[in-house]
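>>> Structure for the following, please:
(one chain, ligands or ions: 1)
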Amino acid sequence: MISITAVANTKHSSDASGYARNPVEMKVLKFPGGELHVTVEAGVCADELELKAHLPNADAVMTLLMTTDALRRAYPGTPIDVHLPYVPYARQDRVANPGESLSAKVFCDLINAQCYRRVVVQDPHSDVTPALLDRIVIDDPLPALRRALERIRTRSMNVALVAPDAGARKRVLKLAAHLELPVVFADKIRDTRTGVITGTEIQGDLPDCALLVVDDICDGGRTFTELAQTAREKQNRSGARQPLYLYVTHGIFSKGLDALLDGYAAIFTRNNWTSDARAIQV
Ligand SMILES: O=P(O)(O)OC[C@H]1O[C@@H](O)[C@H](O)[C@@H]1O
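Numbers count the residues shown, from 1 in each chain. Next up is the predicted model:
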């Protein structure tokens with residue numbers, strides 16, 4: 001879904017904030033052949049424009065590009081900020097096998113060509129996205145994670161963060177340092193040709209406290225169901241039974257929540273792509 005807000009400076013009016021924020025209506029049509037057509041409302045008072053775009057598929061990406069063009073024509077010279085909580089294609093950020101495309105670069109080049117004033121994203125998958133996207137602003141990840149921790153702490157006092165794989169390690173270490181929490185490391189074993197996860201290992205002993213697995217994305221969920229199983233086996237061997245929780249910024253949950261909820265006492269997310277309210281939005 002894409003929404004547009006017109007922000008107008010009202011410093012000389014009675015509005016206390018100094019800014020008026022008004023929605024800009026937009027219409028998206030799909031022709032029988034599959035092509036899209038976008039029309040935006042013209043004439044809304046705007047010193048700047050904000051686009052919010054949830055981009056779960058290629059039609060949504062095309063709609064964003066056409067909306068941007070429509071805005072440039074209807075509001076010439078007005079700066080546009082785009083908020084892309086999830087950056088699609090950011091996960092394929094290196095060429096792992098000869099002959100592959102570099103998807104992250106293809107998508108970031110498309111966004112850079114739009115010349116937005118700012119591109120605001122949440123929890124980019126790796127350092128490659130900030131390196132490729134011009135004028136990127138990364139939203140502070142701590143408030144949402146703190147809200148998840150508050151919910152857990154009402155059930156059990158101490159919490160350790162778990163980095164589910166090597167890719168998550170740097171992110172989780174940084175968050176844990178800010179929050180002064182211990183960290184547990186896990187390693188996901190994946191076949192790079194098929195993408196299939198073939199196992200998970202957890203390093204060392206598990207601390208005697210609740211465990212919060214933290215990652216950027218839950219897609220099909222295999223990373224997390226495998227990790228939950230490995231954690232349970234480890235706990236069974238040591239006789240401990242610390243509750244396991246999951247926090248992901250982008251809750252795609254493409255295979256639903258049932259299998260995940262077998263392994264986790266609660267699932268927290270900043271962006272729930274599903275209508276399943278069992279994933280707690282924080
Ligand atoms: O296992 P699923 O949920 O399909 O995929 C999510 C994982 O794949 C990675 O890119 C994400 O960072 C996360 O670790």
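>>> Now do the domain split for this protein, please.
Following the assignment in the TED database, the chain carries domains at 3-139, 141-281.
>>> between those domains, which one is nearest to the ligand?
In terms of Cβ to the nearest ligand atom, the element of the domains of the chain nearest to the ligand is domain 141-281, at 3.2 Å. The C-beta positions use only the backbone N, C-alpha and C, and glycine is treated the same way.
>>> I'd like the average pLDDT over that closest one.
Averaged across domain 141-281, the pLDDT comes to 93.
>>> Just the endpoints, please. Distance across that domain?
With Cα to Cα, to the nearest Å as the measure, domain 141-281 spans 14 Å from end to end.
>>> Distance from the chain centre to that domain, please.
The chain centroid and the centroid of domain 141-281 are separated by 15 Å, computed with Cα atoms, centre = their mean, to the nearest Å.
>>> Does the ligand have contacts with that domain?
Yes. Using Cβ under 6 Å from any ligand atom, domain 141-281 reaches the ligand at 164-165, 167-168, 215-223.
>>> do the same with stretch 109-123
No. Using Cβ under 6 Å from any ligand atom, we find that stretch 109-123 stays clear of the ligand, coming within 9.4 Å at best.
>>> distance between the ends of that stretch?
19 Å.
>>> Most neighbours of all the residues of domain 141-281 next to the ligand, which one?
Taking other Cβ atoms under 10 Å as the neighbour criterion, C218 ranks highest of the residues of domain 141-281 next to the ligand with 28 neighbours.
>>> related to what we said a few turns ago, take the residues of domain 141-281 next to the ligand and keep only those in helices.
G167, A168, R222, T223 (DSSP state H).
>>> any chance of the residues you listed in CSV, with distance to Y245 too?
Putting these into CSV (distance: Cβ to Cβ, whole Å) gives the following:
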residue, distance to Y245
G167, 20
A168, 15
R222, 18
T223, 15
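>>> residue contacts, the residue nearest to V7 when sequence neighbours are not counted?
Spatial nearest neighbour of V7, excluding adjacent residues (Cβ to Cβ, 6 or more residues apart in numbering): E48 at 4.8 Å. Applying Cβ atoms under 8 Å, 6 or more residues apart in numbering, we find E48 in contact with A6, V7, T78, P79, I80, D81, R117.
>>> Next, count neighbours for D187.
17.
>>> Give me the residue at the spatial middle of the chain.
Nearest to the mean C-alpha position of the chain, by Cα atoms, centre = their mean, lies H250 at 3.5 Å.
>>> Name the helix or strand for that residue, please.
strand 244-251 (DSSP states H and E).
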